[in-house]
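In: no sequence for this one, just the structure:
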């Protein structure tokens, strides 16, 4: 994609709407909708890199209620012809075709490469990538197994959604009650993942979420890793103006 003059590409991740409760996350949702309303004015594309919801599961005819303002604003944006891309996170990995059918938003379950103005991007949520975290990687295989999803669908939505929401907010990091800290490049699994990717193919930018910590790290002289932070503590987002990729903070500029 060649960006038209004055147009930009926006990236956001880890809103965790619904955590710890819908009522308590509502001000964060309102803030996110204001951000969407602002960036649509000069957006060539918007990337949402997962964990938009703290829990999401699609039954054949049912999705979790709530988040009407977010979904409505996304519909307005795509109806206006602005493409939105969604990458599932570890909390909304059970997303199926609802976004594609209702909002015209393609949904990706693994990192994908894009090119803007001859700059290459590898984009994804970031969970389960790189060395380590073997316990989660095994758990993810169970969660994404078709038989596991089939079993969960046998739970009535009132039970299944409530159970999923309860288990999601049990994690202190996800509920926003605990800060994360930078571990150093050698211990940041996504940094190691990006460096390994560079061994086989050059990319200018690697953009991920998941860590809940805003980061911009030079991988070499021409490649950069950006972690988008979150919309619990930081309200940070990424923007590429056709030449430079930077992190910004919403309503603190």
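Out: Received, thanks. From a predicted model like this one, the values you see are computed outputs, not experimental measurements.

In: can we go C-alpha only for contacts and neighbour counts from here?
Out: Fine.

In: For the stretch 51-200 of the chain, just list every one of the helices.
Out: 68-79, 98-103, 134-143, 146-153, 157-169, 172-175, 189-198 (DSSP state H, counting those that start in this stretch).

In: Comparing the ones you listed by mean pLDDT, which bottoms out?
Out: The minimum mean pLDDT among the helices of the stretch 51-200 of the chain belongs to helix 172-175 (a mean of 44).

In: For stretch 84-102, measure first residue to last.
Out: Distance between the boundary residues of stretch 84-102 (Cα to Cα, to the nearest Å) amounts to 13 Å.

In: Start at 55, not 1
Out: That works, and once the first residue is 55, the last one we named lands at stretch 138-156.

In: Flag every buried residue along it.
Out: 138-150, 152-153 (16 or more other Cα atoms under 10 Å).

In: Could you give the average pLDDT over stretch 274-289?
Out: The pLDDT scores in stretch 274-289 average 96.

In: which residues touch that stretch?
Out: Residues outside stretch 274-289 that contact it (Cα atoms under 8 Å, 6 or more residues apart in numbering): 65-70, 82, 86, 230, 245, 248, 256-273, 290-292, 301, 303-304.

In: please redo it, this time with the cut-off set to 6 Å
Out: 67-69, 230, 258-263, 266-272, 290-291, 303-304 (Cα atoms under 6 Å, 6 or more residues apart in numbering).

In: And for stretch 91-110?
Out: By Cα under 6 Å, 6+ apart, the list of residues contacting stretch 91-110 reads 61-73, 136-143, 145-146, 178-179, 219.

In: who's in contact with residue 139?
Out: Residue 139 neighbours (Cα under 6 Å, 6+ apart): 101, 159, 160.

In: picking up where we left off before, which of the contacts of stretch 91-110 fall within strands?
Out: 62, 63, 64, 65, 66, 138, 139, 140, 141 (DSSP state E).

In: The residue nearest to residue 120 when sequence neighbours are not counted - how many residues pack around it?
Out: Counting by Cα to Cα, 6 or more residues apart in numbering, residue 120 lies nearest to residue 76, which is 7.7 Å off, once chain neighbours are set aside. Counted by other Cα atoms under 10 Å, the residues lying close to residue 76 total 16.

In: Check residue 114 too.
Out: When counting by other Cα under 10 Å, one arrives at 10 neighbours for residue 114.

In: Do you know the pLDDT at it?
Out: 81.

In: Check the gap between it and residue 149 for me.
Out: When residue 114 is compared with residue 149 (using Cα to Cα), they lie 11 Å apart.

In: cool, residue 161 as well?
Out: To residue 149, residue 161 is 8 Å away according to Cα to Cα.

In: Could you say whether residue 90 sits in a helix, a strand or coil?
Out: helix (DSSP: H, G, I helix; E, B strand; the rest coil).

In: what bridges to the nearest residue to residue 151 once chain neighbours are set aside?
Out: With Cα to Cα, 6+ apart as the criterion, residue 151 has its nearest non-adjacent residue at 7.7 Å, and that residue is residue 161. Taking DSSP bridges as the rule, residue 161 bridges to residue 140.

In: Do I have it right that residue 161 meets residue 140?
Out: Yes - the criterion here is Cα atoms under 6 Å, and residue 161 meets it with residue 140 at 4.9 Å.

In: Could you tell me how many residues sit around residue 289?
Out: Residue 289 has 24 nearby residues by other Cα under 10 Å.

In: and it, backbone torsions?
Out: phi 50, psi 40 (degrees, to the nearest 10).

In: ok, it to residue 267 distance?
Out: Per Cα to Cα, residue 289 is found 10 Å from residue 267.

In: and residue 286, how far is that from residue 108?
Out: Distance, residue 286 to residue 108, by Cα to Cα: 11 Å.

In: Residue 282 too?
Out: 17 Å.

In: More neighbours: those two, which one.
Out: Per other Cα under 10 Å, whichever of residue 282 and residue 108 has more neighbours is residue 282, with 30 against 27.
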